[in-house]
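1. Everything below, folded, please.
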Amino acid sequence: MTGRAGKIILALTLAAGVLTGCTQAAGDVNTGRTIPFDLYTHCGIKEAWIGSTYFEAEAQLSDGSGNPPEGWDNPFQRGTMTLASETEAVFTDDAGHEVKFRAQPRTSPSKPLCA
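-> Here you go, the predicted model:
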């Protein structure tokens, strides 16, 4: 879909991605606690918002064309996020994926959107 309708759908999808898994601020999630989490994968596995804390993947994953690697759902991968500490989080799912994330000083999304 192109044009205005496509942009609206993309904006709504991205908003859902930012809000998914954000029912608690990172400081409110007890270290070691595992919560259900839908990881946004559409542009590859790069980042996650947990509550009001921004995390970047230690090793970003993609297919080289701005998509998630083979074996990952698109635009979201359902799994769990475990807050190992206030600065480290680990995403896992039933498919056996594991991605480690580190907190970064950012208060709002600022990276360019993928196509």
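2. Average pLDDT for the helix or strand hosting E47, rounded please.
-> Per DSSP states H and E: E47 is located in strand 45-50. Across strand 45-50, pLDDT averages out at 94.
3. what packs against the helix or strand just after it?
-> Counting by DSSP H and E, the next helix or strand C-terminal to strand 45-50 is strand 53-61. With contacts defined as 3 or more CB pairs under 8 Å, 6 or more residues apart in numbering; DSSP states H and E, the packing partners of strand 53-61 are strand 45-50, strand 98-104. Yep, even glycine has a C-beta here, placed from its N, CA and C like the rest.
4. Of the ones you listed, flag the one that's most buried.
-> Per residue and on average, the most neighbours among the helices and strands packed on strand 53-61 fall to strand 45-50, with a mean of 20 (mean count of other CB atoms under 10 Å).
5. Direction included, what does that one pair against?
-> Applying DSSP bridges, strand 45-50 is found paired with strand 53-61 (antiparallel).
6. thinking P69 is in contact with A57, fair?
-> No - taking contacts as CB atoms under 8 Å, P69 lies outside contact range of A57: 12.0 Å.
7. which stretches of this structure have low pLDDT?
-> Within the chain, the segments meeting pLDDT under 70 span 1-30, 107-113, 115.
8. follow-up on the earlier one: tell me which of the helices and strands packed on strand 53-61 lies nearest to I35.
-> When the helices and strands packed on strand 53-61 are compared by CB to CB, strand 45-50 sits nearest I35, at 8.2 Å.
9. So what angle separates the directions of that closest one and strand 98-104?
-> Using axes from the mean of the first three to the mean of the last three CA atoms, to 10 degrees, the direction of strand 45-50 lies 60 degrees away from that of strand 98-104.
10. For this protein, which segments count as strands?
-> 34-40, 45-50, 53-61, 76-83, 88-92, 98-104 (DSSP state E).
11. Okay, the closest residue to P36 other than its chain neighbours and T87: tell me how far apart.
-> Closest residue to P36 apart from its sequence neighbours, by CB to CB, 6 or more residues apart in numbering: T80 at 5.9 Å. In this view, T80 and T87 are 18 Å apart by CB to CB, to the nearest Å.
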